[in-house]
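K.L.:
3D model of this:
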Amino acid sequence: MDAVRLSLPPVPVRTVSASASTSYSVPINSWTVTARQKLWSCRTRPRFRNHSSAVPQLTVTCAAGVAEINESQFEETVLQANRPVLVEFVATWCGPCRLISPAMESLAKEYEDRLTVVKIDHDANPRLIEEYKVYGLPTLILFKNGLEVPQSRREGAITKTKLKVYVDDLLKSISVS
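P.N.:
Below is the predicted model of the structure:
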């Protein structure tokens, strides 16, 4: 893979004399250098040598409306809940998980009176991953009365609009039955 080369115009420089024998080169606009550095950093990407499997550590953050739970909290929070619970299985290394995170936070706030939304970290909860056969991430599963709602499972990223349609349809289907 070839390195990306970015040619930028030269930085304007003004020579300032401190005394008759000494001169200093000072950038005319100091923000020009900072802007160039930012431009350069935006166009470069981290590279891993020797095809390392190293992955930068990223976290999936939760807003006030979305609680992150683990295996020990699952039964009380999801299976014994008095109302429907939408469970999102995520991982810190999962790009689509980070992509839908803002939509999930918005959904949790908008539907807080009808639905509980929780996240479960894939890597930290292997028993739940195996028990509910979570094969793709992110995975959304709706639970009601301690059971998985039939046809509620959804894998992969989803837009906020489609997420709302998905949840509305599920809530209508479980309120009829």
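K.L.:
residue ranges for the strands of the chain, please.
P.N.:
13-17, 23-27, 66-69, 85-90, 116-121, 139-144, 147-148, 154-155 (DSSP state E).
K.L.:
With respect to burial, which of the ones you listed scores highest?
P.N.:
strand 85-90 (a mean of 24; mean count of other CB atoms under 10 Å). Yep, even glycine has a C-beta here, placed from its N, CA and C like the rest.
K.L.:
avg pLDDT for that strand?
P.N.:
Mean per-residue pLDDT for strand 85-90: 97.
K.L.:
Can you give the strand pairings for that strand, parallel or anti for each?
P.N.:
strand 116-121 (parallel), strand 139-144 (antiparallel) (DSSP bridges).
K.L.:
Pipe those into TSV and attach mean pLDDT and distance to Gln73 per row.
P.N.:
Shown next, in TSV, are the strands paired with strand 85-90 (pLDDT from 0 to 100; distance: least, CB to CB, whole Å):
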stretch	mean pLDDT	distance to Gln73
strand 116-121	97	9
strand 139-144	97	14
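K.L.:
Arrange those in CSV, one row each, with distance to Thr92 as further columns.
P.N.:
Supplementary listing: the strands paired with strand 85-90 in CSV, determined by distance: least, CB to CB, whole Å:
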stretch, distance to Thr92
strand 116-121, 7
strand 139-144, 15
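K.L.:
Please identify which of those is closest to Pro96.
P.N.:
strand 139-144 (10.4 Å; CB to CB).
K.L.:
Can you list the neighbours in contact with that closest one?
P.N.:
78-79, 81, 83-89, 132, 148-149, 152-155, 158, 166-167, 170, 174 (CB atoms under 8 Å, 6 or more residues apart in numbering).
K.L.:
Domain map for this structure?
P.N.:
13-47, 66-176 (automatic domain parsing).
K.L.:
mind checking the end-to-end distance for stretch 130-145?
P.N.:
21 Å (CA to CA, to the nearest Å).
K.L.:
so who does the nearest residue to Ala124 once chain neighbours are set aside touch?
P.N.:
Among residues not flanking Ala124 along the chain, Asn70 sits closest, at 6.2 Å (CB to CB, 6 or more residues apart in numbering). Shown in contact with Asn70 (CB under 8 Å, 6+ apart): Ile120, Asp121, Ala124, Asn125.
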